[in-house]
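# the sequence and its predicted three-dimensional model are supplied below.
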Amino acid sequence: MSHILKHSRLLLVAVCCVAVGAGASVIAGAGAATSTKASATSKVHKAHQAKKGGLRRIARRTVHGEFVVHTKAGFRTVTVDRGVVGSVSGQQLKITEGTPKATYKTVTLTIPANARVRDDKQKSSLSSVKAGQRVLVVTAPKRTLVIARTPRAIH
């Protein structure tokens, strides 16, 4: 259970970094000068709505990110990759990053042997991850987390 907590903290740090950028954008948009009270109220409402759902929306749409975080040991880089599994060969995981209609890029990641792997919410191994699954890979200096899920069938 404690490893899940550690990984959720790591993912939380990555998402918070994305949120800081989104928050700055929302604040800048909300601080713009307006000529009428109605448009000012409308902008404040829109800024509130963007802040409320913006973090989840950004996290859902992120396909690649690299964040530098400060830890007790100094600055560390955390990388997030999300996409569809193309293939798994040994410790090599090939991912197509993007959306169903547009590909950002295809990357091949080397997953360390000590990586934590979850496949459809179950503790697993990298060899159980199959082509076509959605995957999120969070890479930090001392640990890697791979979360794979099988997409629901479209009827």
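That came in fine, so what should we check first?
# distance check, N114 against K94.
Using C-beta to C-beta, to the nearest Å, N114 is found at 20 Å from K94. From N, CA and C alone the C-beta is placed, and that goes for glycine too.
# also A131?
For A131, the distance to K94 - C-beta to C-beta - is 9 Å.
# just to revisit the earlier point, ok, N114 and K94, which is more surrounded?
K94 (16 against 8; other C-beta atoms under 10 Å).
# in space, what's closest to that one - neighbours in sequence excluded?
G86 (3.9 Å; C-beta to C-beta, 6 or more residues apart in numbering).
# surely the one you found is in contact with Q92?
No. Judged on C-beta atoms under 8 Å, G86 makes no contact with Q92 at a distance of 10.3 Å.
# who has more neighbours, those two?
G86 (15 against 12).
# how about that one, what does it touch?
By C-beta atoms under 8 Å, 6 or more residues apart in numbering, the residues touching G86 are K94, I95, T96, T106, A131.
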